[in-house]
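S.K.: Predicted model and sequence below, questions to follow.
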Amino acid sequence: MADSRTPPEVDRVAASRRAVAARRERAALKHDVAMRVITPQELLQRALDKPDSPAGAMRVPDFLTALPAIGDGKRDRILAELEISPVKRLGGLGVRQRVALQRWLDGRFPPLQPRAGRSRLIVLAGPTAVGKGTVAAHIKEHHPEILLSVSATTRQPRPGEVDGEHYFFVDDAAFDELIRSGALLEHATVHNAYRYGTPRAPIEQALADGRTVLLEIDLQGARQVRAAAPDATLVFLAPPSWDELVQRLVGRGTEDAEERTRRLKTAKVELAAQGEFDYRVVNDDVARAAAEIVRLAG
Ligand SMILES: Nc1nc2c(ncn2[C@@H]2O[C@H](COP(=O)(O)OP(=O)(O)O)[C@@H](O)[C@H]2O)c(=O)[nH]1
Ligand SMILES: Nc1ncnc2c1ncn2[C@@H]1O[C@H](COP(=O)(O)OP(=O)(O)O)[C@@H](O)[C@H]1O
C-alpha cells in the first residue's frame, strides 16, 4: 500500500500557496473597503463571524489605513484611543475592543438612515453592471403589481428590444420636445452617450392608483428624482465585491475594453455617492436582492 503521509516538502509548498492566496484575499478586501464596495462595518462583521477567514486575519492597523481618509498618523491615534494593540487581528479582538471599534466606525461612517415617510416611488441605481437591469426584470416578472417605469431614450434599439416595452426609442428632436413640454420627471445623458429620461405621467397615475413604482436609472437621474420628489425611496444596488463587478461587466460582453475602463471609472464615483441613498442592497443573488427591494417597497 502507498504511504499516505504527506512529505514535509509538499506540506510546506501547500502552506506557502495558502499564505499567498490569503494575502491576495486580504488585499482584495482592503481594496473593496477603500472603494466603498463593502462597508467597514461589513468587513468587521465578516472578521468576527469567521476569525479564520482573510477578513479575520487582517491586522487592525491595515484595516484602518484601508478606510477612506485614514493615514498612518490617524491610524496610530485611533489605535491608542481604542486601546487596541497594533499587532491585533480583526478576528482576535476582545469584546470590549470590538464594541469600541464598532462604535467608532458607526460614528465615522454612519450607516444609511432611511428618512421617515418614504413614498412608494422606488429609485434603483448603482454602478454599471452591478445587475440593475437583471434585478428590475426579475421584479417585473414576479411582481406585476409593481410598475417598472419605461424610459425614453435616444439610443438605438438592440436586437429583441421592443419599443414601448423596454424603452420608448425616440430621436433627438422628439427627446427635446419631451423635455420642453415637461413630460419627463428627470433626464440625463448616460455614459457620455445617449439621453435617457423618465416619463412623468405613467408614474403619477400608478402612484395615484396606490401602486408601487420602480425606476431603474443612473445616479444623475436618482439625484434629480430626489430633488423633484423628496419623499422618493432611493435604493443603491451594490456589488458583493469590486472583482465581481468587473467580472459581471466583462461577462456581459456588451462593451469593448476602452468602454469598460470608462464605465469602471464612473463606477468608482457612483460607489462613493451611496451615502446619498436611503438603503443599500447587495446584489449577491438576483432573487434575494429583488425580494429585499420589494420588501422595502412594502
Ligand atoms: N437618468 C436616467 N437613466 C436611465 C434611464 N433609463 C435607463 N437609465 C440608465 O442608463 C443606463 C443604460 O445603459 P445602456 O447600457 O445603454 O442600456 P441598458 O443595457 O438597457 O441598461 C443604465 O445605467 C440605466 O440605469 C432614465 O430614464 N433616466
Ligand atoms: N446576482 C448576480 N449574480 C451573478 N451575475 C449577475 C447577478 N446580477 C446580474 N448579473 C449579471 O451581471 C451582468 C450585468 O447585469 P446588468 O443587469 O446588465 O447590469 P446593469 O443593468 O446594472 O448595468 C449580466 O451579465 C447579468 O447576467
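M.R.: Nice, I can see it. Ligands and ions are numbered 1, 2, ... in the order given.
S.K.: Quick one: residues contacting the one residue in the stretch 151-298 of the chain that gets nearest to ligand 1.
M.R.: In the stretch 151-298 of the chain, no residue comes nearer to ligand 1 than G221, which is 2.4 Å away by Cβ to the nearest ligand atom. (C-beta placed from N, C-alpha, C; glycine too.) Listed by Cβ atoms under 8 Å, 6 or more residues apart in numbering, the contact set of G221 reads 123, 125, 186-188, 196, 198, 215.
S.K.: where exactly do the strands run in the chain?
M.R.: 121-125, 147-148, 151-153, 167-169, 184-190, 194-199, 213-216, 233-238, 279-282 (DSSP state E).
S.K.: phi, psi of V150?
M.R.: Backbone torsions of V150, given as degrees, to the nearest 10, read phi -100, psi 120.
S.K.: Please report how far it lies from G197.
M.R.: Distance, V150 to G197, by Cβ to Cβ, to the nearest Å: 11 Å.
S.K.: So which of the two has more stuff around it?
M.R.: More crowded of V150 and G197, by other Cβ atoms under 10 Å: G197, with 23 against 15.
S.K.: thinking that one is in contact with L184, fair?
M.R.: Yes: the criterion here is Cβ atoms under 8 Å, and G197 meets it with L184 at 3.9 Å.
S.K.: Show me what from the stretch 101-250 of the chain comes close to ligand 1.
M.R.: Applying Cβ under 6 Å from any ligand atom, we find that the stretch 101-250 of the chain lies next to ligand 1 at 132-133, 151, 155, 186, 188, 190, 196-198, 216-218, 220-221.
S.K.: Is it possible to mark the buried ones in these?
M.R.: Buried members of these, counted by 16 or more other Cβ atoms under 10 Å: 132, 151, 186, 188, 190, 196-198, 216-218, 220-221.
S.K.: May I ask which two of those residues are separated the most?
M.R.: K132 and G197 (16.5 Å; Cβ to Cβ).
S.K.: ok, what's across the strand from L147?
M.R.: V213 (DSSP bridges).
S.K.: low-scoring stretches of the chain, by residue?
M.R.: Low-confidence segments of the chain (pLDDT under 70): 1-5.
S.K.: one more time with 50, if that's ok
M.R.: Within the chain, the segments meeting pLDDT under 50 span 1.
S.K.: Have a look at it and report its longest helix.
M.R.: helix 8-34 (DSSP state H).
S.K.: Quick check: of the contacts of G221, which lies closest to R280?
M.R.: Nearest to R280 among those: A125, at 11.1 Å, using Cβ to Cβ.
S.K.: who's in contact with the closest one?
M.R.: 132, 216-219, 221-222, 234-237, 270, 277.
S.K.: Please tabulate those in CSV and include distance to D171 as additional columns.
M.R.: Output for the contacts of A125, formatted as CSV (distance: Cβ to Cβ, whole Å):
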residue, distance to D171
K132, 25
E216, 23
I217, 21
D218, 21
L219, 25
G221, 20
A222, 26
L234, 31
V235, 32
F236, 32
L237, 30
E270, 28
F277, 33
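S.K.: so which of those residues are also by ligand 2?
M.R.: Counting by Cβ under 6 Å from any ligand atom, K132 from these sit close to ligand 2.
S.K.: Can you tell me which of the contacts of A125 lies closest to ligand 2?
M.R.: Ranked by distance to ligand 2 (Cβ to the nearest ligand atom), these are led by K132 at 3.4 Å.
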